[in-house]
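Trainee: I would like the atomic coordinates for the input below:
(4 chains)
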Protein chains: 2
Amino acid sequence: MEKKTTIYDIAAKLGLTAATVSRALNNNAKISLNTRKLVLETALEMNYEQNKLALALKSGKSYNVGVIVPRIDSNFFSTVIRGIEEELYPKGYHVIICQTHNQENLEIEKINSLLNVQVDGILMSISNADLEEDKGFNKLLKNKGTPLVFFDRKKDIKGVSSVTIDDFKGGYDATKHLIEQGCRRIAHLYNDRKFEIFNNRFLGYRQALLDNGIEFDESLEIETISNVAEGRKSARELLGRDRPPDAIFSSSDFAALGALQEIRERGLGIPEDICIVGFSNEPFTKFMELTITSVDQFPMEMGKVAAQVFLEEVSNIQDIKIAKNIVLTPELIVRKSSLKT
Amino acid sequence: MEKKTTIYDIAAKLGLTAATVSRALNNNAKISLNTRKLVLETALEMNYEQNKLALALKSGKSYNVGVIVPRIDSNFFSTVIRGIEEELYPKGYHVIICQTHNQENLEIEKINSLLNVQVDGILMSISNADLEEDKGFNKLLKNKGTPLVFFDRKKDIKGVSSVTIDDFKGGYDATKHLIEQGCRRIAHLYNDRKFEIFNNRFLGYRQALLDNGIEFDESLEIETISNVAEGRKSARELLGRDRPPDAIFSSSDFAALGALQEIRERGLGIPEDICIVGFSNEPFTKFMELTITSVDQFPMEMGKVAAQVFLEEVSNIQDIKIAKNIVLTPELIVRKSSLKT
DNA sequence: CTGTTAGCGCTTTCAA
DNA sequence: TTGAAAGCGCTAACAG
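Mentor: Residues are numbered from 1 along each chain as shown, chains lettered A, B, ... in the order given. Take a look at the predicted model:
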């Protein structure tokens, strides 16, 4: 375990001073060609590597950004993170990831933790719909030096930018598509409406019905958790009704899958008897034999755009900051589960 | 954008010295109960937050670890990372992620980049099978201060620990299972054998055949890339043979899926005519109607164990380090695609 | 129990 | 063109 060589080491070896070495290395100031060459050579030879930590302390910029997500092992979030990393690395930033598992206390804790390690910004998707603008946020917002950018699950906070998709349109298009397929009793499995994203999908669904002269039927609107078992459960409930639906639009692909399984097990045909549309375009929706129609959220794009917003904000910390709310357009991917021929 | 408060600020306010404040905050040395209370209170009131960067520079420990993977948006890697994060965060570490996209130069570059930001260790899955123990590695190994831990895709390097699964056993069990189902002409779609993991799956396959008195047939062994299209292509090739196989063991779930699709489109039955086994237990394998038998690699465990190995190594940097090579046991998950009744 | 001093590695005035 | 000195925020050894 040998010590890392510092600019002092190479200064000593050359009979120079650290300042000179620093200058030579950064080819900043005017330095004699000779000394520069000399410094560069010995730096190489001594395996010198700049200690970015010292630089960070000195400059106040760590070139680290924190990303907070409910969990990383989901296709959506890991793809967003991929986008963020790919956009930020070329600009010299590293990405620190944090998971909250939807635990309220962890969300605040991780924000503070990231602030402590002096990240230059935080990109996050809210885990906790009830999250108030408390400690963590306030701190972020007060020292306007560290920008905050929401992606996907945002919260309307003055001065905070966000990148989301148009969930209303996603819900609207999905429902409209089902109507165009001739469906009239369209059920909706929705997730916790305290989250903007789920509420917007819900509202889009309602609006599409309205625009097409279909009255919504509350008995067809069921709150569901985003997993296969819950999707099955909801489907069971719907199929038990006097007048079962002829289509299901689920705000989660997993619940859509559960519904699909339940329906087929009962001998009903998809899409003949019931059409199904999910949301998120999870990989499995296109891998199945009975491919599932879904709404693509362009997670990679979302990550890249969120990163860009962050980059803009760090470069203008002085200026009065105008929050930017970027909304990406989702795309309905029509597949077998909803395509009547 | 107000300045962050430092211990000097609170020292000034209290007519104390920074050292005292530091001590009070860390309740380290003997401090009068009074001053401690005073310091703690004003710290709170002034919104003091420790600057971990300064601490890092001072102590030489950044409490950051780097994780390098080919890509993060795959179920396997993102789950490993989840495990790593969950194991390390409680110990005070943050996780920095880097992707290589299998680009050779990026692999070295990211290692160096992480080293520059003074990570306390690097956990990585090799992207480049040909990677020699060059620059990046040498640097890591020379200054033994920063431990390196391989997971999944490792390379045998003296003094470097690793956490992998027993790919040989994975391949062996998969093949044995197929034999038990009555299959005799078992094809194998293998990935680049320059990677230990793929080679071991291959060898396990061969050994299982041998142990059961079946001679391997090179014409049934096809190199494939891990995606659906390539799986289809390989299946097409196999089905064109004089004596097509009665089973396919693929070292990738994606290629297995491609093969499955191709086979069914040709009107052959799975598992009646051809059994299929994949590898990795990707989520979709259990979501499909025709569920796919696969080998679970326990990625979450792998991440946690890799993190533990790292933790051990950082705490013993002084001692002579004995590399640890931990091998987890995979599990064959039998599903419809290979279960003849 | 608390103050003084020095130093982690680097950059950046200010002088020379 | 280069050196001297200070400072980023914190801790730790040594005094007192």
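Trainee: Whichever residue of the stretch 151-300 of chain A sits closest to DNA strand C: what's it in contact with?
Mentor: In the stretch 151-300 of chain A, the residue that lies nearest DNA strand C is A:Ser161 (28.1 Å; C-beta to the nearest atom of the strand). C-beta coordinates here come from the backbone N, C-alpha and C atoms, glycine included. Contact analysis of A:Ser161 by C-beta atoms under 8 Å, 6 or more residues apart in numbering or on different chains lists A:147-150, A:309, A:313, A:323-326.
Trainee: so what's it closest to, chain neighbours aside?
Mentor: A:Lys324 (4.4 Å; C-beta to C-beta, 6 or more residues apart in numbering or on different chains).
Trainee: Quick check: the gap between A:Ile122 and A:Lys304.
Mentor: 17 Å (C-beta to C-beta, to the nearest Å).
Trainee: A:Gly60 and chain B, how far apart?
Mentor: Between A:Gly60 and chain B the distance is 9 Å, computed by C-beta to the nearest C-beta, to the nearest Å.
Trainee: ok, now A:Leu238?
Mentor: Distance, A:Leu238 to chain B, by C-beta to the nearest C-beta: 20 Å.
Trainee: Likewise for A:Ala306?
Mentor: Separation of A:Ala306 from chain B (C-beta to the nearest C-beta) stands at 15 Å.
Trainee: In this structure that residue contacts A:Glu86, no?
Mentor: No: when contacts are counted by C-beta atoms under 8 Å, A:Ala306 is not listed as touching A:Glu86 (12.0 Å).
Trainee: neighbour count winner among those two?
Mentor: Neighbour totals were compared for A:Ala306 and A:Glu86, and A:Ala306 leads with 28 against 18 (other C-beta atoms under 10 Å in any protein chain shown).
Trainee: excluding its backbone neighbours, what's nearest the residue in the stretch 1-150 of chain A that chain B sits nearest to?
Mentor: Residue of the stretch 1-150 of chain A nearest chain B, by C-beta to the nearest C-beta: A:Ser78 (3.9 Å). Using C-beta to C-beta, 6+ apart and skipping residues adjacent in sequence, the residue nearest A:Ser78 is B:Ser78, 3.9 Å away.
Trainee: what does the stretch 51-200 of chain A have sitting close to DNA strand C?
Mentor: Within the stretch 51-200 of chain A, the positions near DNA strand C by C-beta under 7 Å from any atom of the strand are A:51, A:54-55, A:57-59.
Trainee: Looking at those, which is nearest DNA strand D?
Mentor: The nearest member of those to DNA strand D, counting by C-beta to the nearest atom of the strand, is A:Lys58 at 3.5 Å.
Trainee: give me the element the closest one is part of.
Mentor: In the assignment (DSSP states H and E), A:Lys58 maps to helix A:52-59.
Trainee: Can you pull out the residues in contact with that helix?
Mentor: A:62-63, A:118, B:51, B:53-54, B:56-57, B:62, B:116-118.
Trainee: At which residues are the strands of the stretch 1-150 of chain A located?
Mentor: Using DSSP state E, counting those that start in this stretch, the strands found in the stretch 1-150 of chain A span residues A:64-69, A:94-99, A:121-124, A:148-151.
Trainee: burial count for A:Ala229?
Mentor: 12.
Trainee: wait, what's in contact with it?
Mentor: A:Ala229 touches A:Gly258, counting by C-beta under 8 Å, 6+ apart.
Trainee: Report the buried residues of the strand or helix carrying it.
Mentor: Using DSSP H and E, the secondary-structure element containing A:Ala229 is helix A:228-239. Using 16 or more other C-beta atoms under 10 Å in any protein chain shown as the test for burial, helix A:228-239 gives A:228, A:230-235, A:237-239.
Trainee: Grab the nearest non-local neighbour of A:Gln308.
Mentor: Using C-beta to C-beta, 6+ apart, the nearest residue to A:Gln308 is A:Glu87, at 6.4 Å.
Trainee: Distance check, the one you found against A:Glu312.
Mentor: Going from A:Glu87 to A:Glu312 by C-beta to C-beta gives 12 Å.
Trainee: So which of the two has more stuff around it?
Mentor: A:Glu87 (20 against 14).
Trainee: can you tell me which residues contact A:Ser125?
Mentor: Shown in contact with A:Ser125 (C-beta under 8 Å, 6+ apart): A:68-70, A:77, A:80, A:150-154.
Trainee: For these, name the two members farthest from one another.
Mentor: The span of the contacts of A:Ser125, defined through C-beta to C-beta, is set by A:Phe77 and A:Lys154 at 14.4 Å.
Trainee: Have a look at those two and say which one is more surrounded.
Mentor: Counting neighbours by other C-beta under 10 Å for A:Phe77 and for A:Lys154 shows that A:Phe77 has the greater number, 24 against 20.
Trainee: A:Arg71 is in contact with that one, correct?
Mentor: Yes: with contacts counted by C-beta under 8 Å, A:Phe77 reaches A:Arg71, the gap being 6.6 Å.
Trainee: follow-up on the earlier one: could you give the bridge partners of the residue of the stretch 151-300 of chain A closest to DNA strand C?
Mentor: Beta bridges link A:Ser161 to A:Val149 when assigned by DSSP bridges.
Trainee: Next: A:Ile97.
Mentor: Beta bridges link A:Ile97 to A:Val67, B:Val95 when assigned by DSSP bridges.
Trainee: For A:Ile10, see how far away the residue of chain A found nearest DNA strand D is.
Mentor: In chain A, the residue found nearest to DNA strand D is A:Lys30; the distance is 2.7 Å by C-beta to the nearest atom of the strand. Per C-beta to C-beta, A:Lys30 is found 20 Å from A:Ile10.
Trainee: cool, A:Asp217 as well?
Mentor: Relative to A:Ile10, A:Asp217 is positioned 77 Å away (C-beta to C-beta).
Trainee: where along the stretch 101-250 of chain A do the helices fall?
Mentor: Per DSSP state H, counting those that start in this stretch, the stretch 101-250 of chain A carries helices over the ranges A:104-116, A:135-142, A:167-180, A:196-211, A:228-239.
Trainee: ok, and which of those helices has the densest surroundings?
Mentor: Neighbour counts (mean count of other C-beta atoms under 10 Å in any protein chain shown) averaged over each of the helices of the stretch 101-250 of chain A peak at helix A:167-180, with a mean of 23.
Trainee: just how off-centre is that one within its chain?
Mentor: How far helix A:167-180 lies from its chain's middle: 22 Å, per C-alpha atoms, centre = their mean, to the nearest Å.
Trainee: Could you spell out which stretches of chain A belong to which domain?
Mentor: A:7-50, A:62-164+A:299-327, A:167-297 (automatic domain parsing).
Trainee: Lowest mean pLDDT among the helices and strands of chain A, which one is it?
Mentor: Here the helix or strand of chain A ranked lowest by mean pLDDT, DSSP states H and E is helix A:135-142, holding a mean of 66.
Trainee: Tally up the residues packed near the closest residue to DNA strand C within the stretch 101-250 of chain A, please.
Mentor: Per C-beta to the nearest atom of the strand, A:Gln118 is where the stretch 101-250 of chain A lies closest to DNA strand C, at 13.1 Å. The local packing of A:Gln118 (other C-beta under 10 Å) involves 22 other residues.
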